[in-house]
Structure formats: C-alpha cells, structure tokens
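Undergrad: sharing a sequence plus its predicted fold:
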Amino acid sequence: MFGFFILKTPKGGVVLPPVVDLKKCTGAGVCAEVCPANVIEIQNGKAVVVRPEDCIECRACEASCPNGAIKVP
C-alpha cells in the first residue's frame with residue numbers, strides 16, 4: 001500500500017519524499033544506510049520516512065532496496 005504527501009520547499013518547489021510499501025519491506029536497512037540526508041530509519045522492522053522534508057530526491061534508497069519496497073514519486 002502506497003501513500004504520499006507533497007512538501008513545498010522554501011522557494012515554492014515541490015519535494016516528493018520516498019514512499020515505503022510496507023508489504024514488500026523486510027527491514028533490511030540498506031535504504032537507511034545509503035540515504036545521505038538520513039530521511040529513513042528502521043523502526044519495528046520496517047523502513048519509515050522520518051524526515052521527509054530533508055529528502056533531496058537522490059533515489060539512493062529506491063535503487064538500493066533489495067525488495068523494491070521504496071519508490072520516490
């Protein structure tokens with residue numbers, strides 16, 4: 001199940017943070033390790049977007065997830 005929200009940057013741009021499909025997420029933690037902005041943490045065995053406003057949309061989390069559980073819209 002995917003859900004997302006839109007954040008506005010101070011200059012009016014749009015940031016679309018990562019979205020985690022909890023059915024696919026196994027909590028491997030690679031996404032949290034590779035995120036340069038520390039946007040993702042593993043909590044209760046699942047990836048959680050804890051600082052969406054800090055996302056730089058680099059897609060490192062998406063590319064590194066072994067289960068394809070993360071998407072950056």
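TA: That came in fine, so what should we check first?
Undergrad: hang on, Cys65 packs against Cys31?
TA: Yes: look at Cys65 against Cys31 with Cβ atoms under 8 Å: they come within range, at 5.4 Å. The way it works is simple: take the backbone N, C-alpha and C, and place the C-beta from them, glycine included.
Undergrad: mind checking pLDDT for the one residue sitting closest to the centre of the chain?
TA: For the chain, Pro18 is the residue whose C-alpha lies nearest the centre (Cα atoms, centre = their mean; 3.1 Å). For Pro18, the pLDDT comes out at 93.
Undergrad: follow-up on the earlier one: shared neighbours, Cys65 and Cys31?
TA: Ala47 (Cβ atoms under 8 Å, 6 or more residues apart in numbering).
Undergrad: more neighbours, those two?
TA: Cys31 (27 against 23; other Cβ atoms under 10 Å).
Undergrad: using the three-state scheme, assign the closest residue to that one other than its chain neighbours.
TA: Leaving aside its sequence neighbours, Cys31 sits nearest to Cys61 (Cβ to Cβ, 6 or more residues apart in numbering; 3.9 Å). Under DSSP: H, G, I helix; E, B strand; the rest coil, the three-state class of Cys61 is helix.
Undergrad: strands of this structure, residue ranges please.
TA: Applying DSSP state E to the chain gives strands spanning 7-8, 14-15, 19-20, 40-43, 46-49, 70-71.
Undergrad: buried ones in the fourth one?
TA: Within strand 40-43, the residues that qualify as buried by neighbour count (16 or more other Cβ atoms under 10 Å) are Ile40, Ile42.
Undergrad: including distance to Glu57, could the strands of the chain go into CSV?
TA: Shown next, in CSV, are the strands of the chain (distance: least, Cβ to Cβ, whole Å):
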stretch, distance to Glu57
strand 7-8, 11
strand 14-15, 7
strand 19-20, 12
strand 40-43, 13
strand 46-49, 12
strand 70-71, 12
